[in-house]
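Asker: need a structure here:
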Amino acid sequence: MSAASFAETRRFPGTLVVGGGLAGPAAAIWLARAGHPVQLWERERLPAHKICGEFLSWEAQAWLGDLGIDLDALGAVAIDRLRLVTADRVATAPLGFTARSVTRRGLDSALLDLAALVGVDVQRGVTARAVAPDGTVIASHVELKPDQLFVATGKHNLRGIGRDGEGTLNHQLGFKAYLRLSPGQRAELSGHVELILFEGGYAGLQMVERDAANLCFLVSPDRWHRTGGDFAALLANLGEEVPHLERRLEGAVPLLDRPLAISGVPYGYLFRGGAAEPGWRLGDQAAVIPSFTGDGMSLALHSARLATEALLTGAGTESYYRRLGRDAGGAVARATFLQRRSEQTGLGGRAVAALSALPTLGRLAARFTRLSPRAVARARGVFADTR
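Answerer: Presented below is the predicted three-dimensional model:
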């Protein structure tokens with residue numbers, strides 16, 4: 001059924017999931033497998049790239065395995081080392097686990113295809129505009145009143161159920177580009193995720209499928225304006241500060257017509273419930289952890305599992321938000337503190353020096369700013385075999 005075939009207003013005796021990224025399809029799949037009627041709206045008609053570092057931690061891989069996603073079939077790349085880079089120093093350390101990397105376009109498409117396969121009514125090309133106080137979701141030419149609403153619109157707010165960014169780190173601009181690196185630079189990057197620190201921001205660089213490199217970074221608006229609002233000039237400016245990045249990008253060929261860009265992302269945001277609102281927040285609508293942790297996709301999937309369990313057991317939204325706060329609140333707060341400190345005090349140089357002296361610090365830092373293994377195990381519970 002296409003969006004155009006809907007009546008102007010109708011009820012839906014089930015759950016409407018708004019958003020086809022990670023959290024939305026994951027929740028829809030789990031609900032459908034439990035026999036729950038689900039409809040999902042995704043605004044893009046065709047698979048599309050999204051701003052994301054595309055780093056899949058062991059936690060994210062565990063959730064995707066539970067769902068039935070074959071990362072090898074998607075061409076996911078293995079990553080087992082971290083390289084921390086500043087203007088004048090480089091340190092490398094083992095991650096302590098094998099991460100994977102795959103484009104969001106490929107992963108999101110696989111999740112939506114799986115959702116449709118297990119019985120979710122997936123509606124592509126439907127853009128939700130707002131949510132009314134009674135839970136009616138309003139799109140351009142349809143109004144739907146579901147029994148339950150899951151809001152999983154990622155970094156994009158939905159009118160009527162927006163996020164309060166006060167006190168968060170929402171001042172930076174985000175960019176993402178795919179590049180074909182020179183063979184030598186591609187070989188040096190292979191197996192690593194590089195976290196590159198510079199004045200006013202940081203970048204993540206890693207390989208994804210089909211020998212492409214994902215360069216995803218945050219930068220201050222001031223630096224963007226100083227380079228004339230030109231992406232090539234901005235990259236050149238960053239390369240002047242960080243020779244390592246300049247070397248990586250030498251001879252690189254852009255694979256997109258233009259970079260992806262976003263602003264106003266409220267890093268450090270965590271919704272703790274308490275306010276009466278028509279819907280359940282999932283993914284970045286519930287919690288936004290600073291991207292340098294590489295735990296954003298894991299957290300999105302974790303929220304989907306917790307919300308699904310709370311709905312199916314009748315525990316309700318407040319129970320869900322309490323549990324999400326317990327599981328993710330500490331990691332989000334600690335990661336936000338570290339990002340704020342790095343912007344204010346040049347923490348990056350000292351971090352590289354410490355990592356050079358003691359490589360195991362990388363694993364400790366990751367544990368400090370990520371979901372705990374106990375929280376993930378508790379959330380997976382008996383649901384690990386729901387396929």
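Asker: Just the pLDDT at residue 91, thanks.
Answerer: On the pLDDT scale, residue 91 is placed at 91.
Asker: longest strand of the chain?
Answerer: If you go by DSSP state E, the chain has its longest strand at strand 90-101.
Asker: list the buried ones in that one?
Answerer: 90-91, 93, 95-96, 99-101 (16 or more other Cβ atoms under 10 Å). All C-beta atoms are positioned from the backbone trio N, CA, C, and that covers glycine.
Asker: before we move on, what about stretch 301-316?
Answerer: 301-311.
Asker: With stretch 267-275 instead?
Answerer: 267-271, 273.
Asker: Mean confidence (pLDDT) on stretch 342-349, please.
Answerer: 65.
Asker: Against residue 333, how distant is the residue nearest to residue 288 when sequence neighbours are not counted?
Answerer: Among residues not flanking residue 288 along the chain, residue 269 sits closest, at 4.4 Å (Cβ to Cβ, 6 or more residues apart in numbering). Distance of residue 269 to residue 333, computed by Cβ to Cβ, to the nearest Å: 11 Å.
Asker: same question, residue 341
Answerer: 13 Å.
Asker: before we move on, what about residue 29?
Answerer: 30 Å.
Asker: what does residue 343 give?
Answerer: With Cβ to Cβ as the criterion, residue 343 and residue 333 are 16 Å apart.
Asker: neighbour-wise, which of these two wins?
Answerer: Higher neighbour count among residue 343 and residue 333: residue 343, with 20 against 14, using other Cβ atoms under 10 Å.
Asker: Contact partners for residue 151?
Answerer: Residue 151 is in contact with 18-19, 131, 158, 161, 279-282, 285, counting by Cβ atoms under 8 Å, 6 or more residues apart in numbering.
Asker: Redo these as CSV? Include neighbour count, distance to residue 204 and pLDDT.
Answerer: Output for the contacts of residue 151, formatted as CSV (neighbours: other Cβ atoms under 10 Å; distance: Cβ to Cβ, whole Å; pLDDT from 0 to 100):
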residue, neighbour count, distance to residue 204, pLDDT
18, 28, 28, 98
19, 26, 23, 97
131, 21, 33, 95
158, 23, 27, 91
161, 23, 29, 90
279, 21, 31, 92
280, 27, 29, 96
281, 26, 25, 97
282, 33, 23, 98
285, 29, 22, 96
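Asker: want to throw those residues into JSON lines with distance to residue 376 and secondary structure?
Answerer: Output for the contacts of residue 151, formatted as JSON lines (distance: Cβ to Cβ, whole Å; DSSP: H, G, I helix; E, B strand; the rest coil):
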{"residue": "18", "distance to residue 376": "26", "secondary structure": "strand"}
{"residue": "19", "distance to residue 376": "22", "secondary structure": "coil"}
{"residue": "131", "distance to residue 376": "30", "secondary structure": "strand"}
{"residue": "158", "distance to residue 376": "28", "secondary structure": "coil"}
{"residue": "161", "distance to residue 376": "27", "secondary structure": "coil"}
{"residue": "279", "distance to residue 376": "25", "secondary structure": "coil"}
{"residue": "280", "distance to residue 376": "20", "secondary structure": "strand"}
{"residue": "281", "distance to residue 376": "20", "secondary structure": "strand"}
{"residue": "282", "distance to residue 376": "17", "secondary structure": "coil"}
{"residue": "285", "distance to residue 376": "20", "secondary structure": "helix"}
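Asker: For those residues, work out which two are farthest apart.
Answerer: Across these, the longest distance by Cβ to Cβ is 13.8 Å; it joins 131 and 282.
Asker: Is it correct that the residue nearest to residue 288 is in contact with residue 165?
Answerer: Yes: under the criterion of Cβ atoms under 8 Å, residue 269 makes contact with residue 165 at 6.7 Å.
Asker: who touches both of these two?
Answerer: Counting by Cβ under 8 Å, 6+ apart, no residue touches both residue 269 and residue 165.
Asker: and the gap between residue 90 and residue 22?
Answerer: 31 Å.
Asker: Sorry, wrong one. I was asking about residue 180.
Answerer: Separation of residue 180 from residue 22 (Cβ to Cβ) stands at 26 Å.
Asker: what does residue 184 give?
Answerer: Distance, residue 184 to residue 22, by Cβ to Cβ: 34 Å.
Asker: now residue 124
Answerer: 16 Å.
Asker: re earlier: pipe the buried residues of stretch 267-275 into CSV and attach pLDDT and secondary structure per row.
Answerer: Output for the buried residues of stretch 267-275, formatted as CSV (pLDDT from 0 to 100; DSSP: H, G, I helix; E, B strand; the rest coil):
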residue, pLDDT, secondary structure
267, 95, strand
268, 95, coil
269, 96, coil
270, 96, strand
271, 95, coil
273, 86, coil
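Asker: Relative to residue 242, which of these is nearest.
Answerer: Of all the buried residues of stretch 267-275, residue 267 has the smallest distance to residue 242: 21.5 Å, by Cβ to Cβ.
Asker: My read is that that closest one contacts residue 171, right?
Answerer: No: counting by Cβ under 8 Å, residue 267 does not reach residue 171; the two are 9.5 Å apart.
Asker: ranges for the helices of this structure?
Answerer: Applying DSSP state H to the chain gives helices spanning 23-33, 58-67, 104-117, 183-189, 221-226, 231-241, 243-249, 296-313, 317-345, 347-357, 361-368, 373-380.
Asker: Of all the ones you listed, which one is nearest residue 49?
Answerer: Across the helices of the chain, closest to residue 49 is helix 104-117 (Cβ to Cβ), at 4.9 Å.
Asker: No more questions from me, cheers.
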